[in-house]
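> any chance you could fold what I've pasted below:
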Amino acid sequence: MAQLTDDCFAFGGPLLSVEEAAALIAERVPVLAGIETVSLVEADGRIAAGGVLAGLDLPPFDNSAVDGYAVRFADLAAGPETVLPVRGREVGEA
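Presented below is the predicted three-dimensional model:
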């Protein structure tokens with residue numbers, strides 16, 4: 001397999017210790033002091049001081065296009081395609 005020039009594992013230089021990395025972060029990341037409330041328009045580029053919650057569910061119904069599916073790797077066949085049964089449908093769904 002060819003080695004990519006931008007591969008993060010291809011770096012051959014000296015590595016920083018955890019302490020050196022932490023010192024660099026502390027040196028380069030500004031400390032945020034205080035919390036202020038601003039309008040959504042003014043919030044661009046700022047850091048949220050807490051969780052942001054939506055006032056309503058969107059979409060207001062179950063939608064598998066955005067909810068997604070979960071599969072367990074062990075349930076997948078070694079071949080090119082695995083057909084899994086769909087379970088847990090609510091009554092009245094197609």
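
> for this structure, which helix is longest?
Secondary structure of the chain per DSSP state H: the longest helix is helix 18-28.

> how about residues contacting that helix?
With Cβ atoms under 8 Å, 6 or more residues apart in numbering as the test, helix 18-28 has contacts from L16. For glycine as for every other residue, the C-beta is placed from the backbone atoms N, C-alpha and C.

> quick one: mean pLDDT for that helix?
Mean per-residue pLDDT for helix 18-28: 94.

> just how off-centre is it within its chain?
Computed by Cα atoms, centre = their mean, to the nearest Å, the chain-centroid distance of helix 18-28 equals 24 Å.

> stretch 24-38 now?
On Cα atoms, centre = their mean, the centre of stretch 24-38 falls 22 Å from the chain's centre.

> ends of it, how far apart?
Using Cα to Cα, to the nearest Å, the span of stretch 24-38 from its first residue to its last is 31 Å.

> same check on stretch 24-35?
25 Å.

> show me the helices in this structure, by range?
Ranges of helices in the chain, per DSSP H, are 18-28, 64-67.

> reformat those as JSON lines; add mean neighbour count.
Formatted as JSON lines, those follow (neighbours: other Cβ atoms under 10 Å):
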{"stretch": "helix 18-28", "mean neighbour count": "9"}
{"stretch": "helix 64-67", "mean neighbour count": "8"}
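
> show me where pLDDT drops low in this protein?
By pLDDT under 70, the low-scoring segments of the chain are 1-11, 63-69, 88-94.

> tally up the residues packed near V52, please.
Applying other Cβ atoms under 10 Å, we find 7 residues neighbouring V52.

> ok, it to A43 distance?
Shown here: V52 relative to A43, a distance of 9 Å by Cβ to Cβ, to the nearest Å.

> same deal with T82?
Separation of T82 from A43 (Cβ to Cβ): 44 Å.

> go on, P30?
Here the distance between P30 and A43 works out to 18 Å (Cβ to Cβ).

> of those two, who's got more company?
Neighbour count, other Cβ under 10 Å: between P30 and A43, A43 has more, with 12 against 5.
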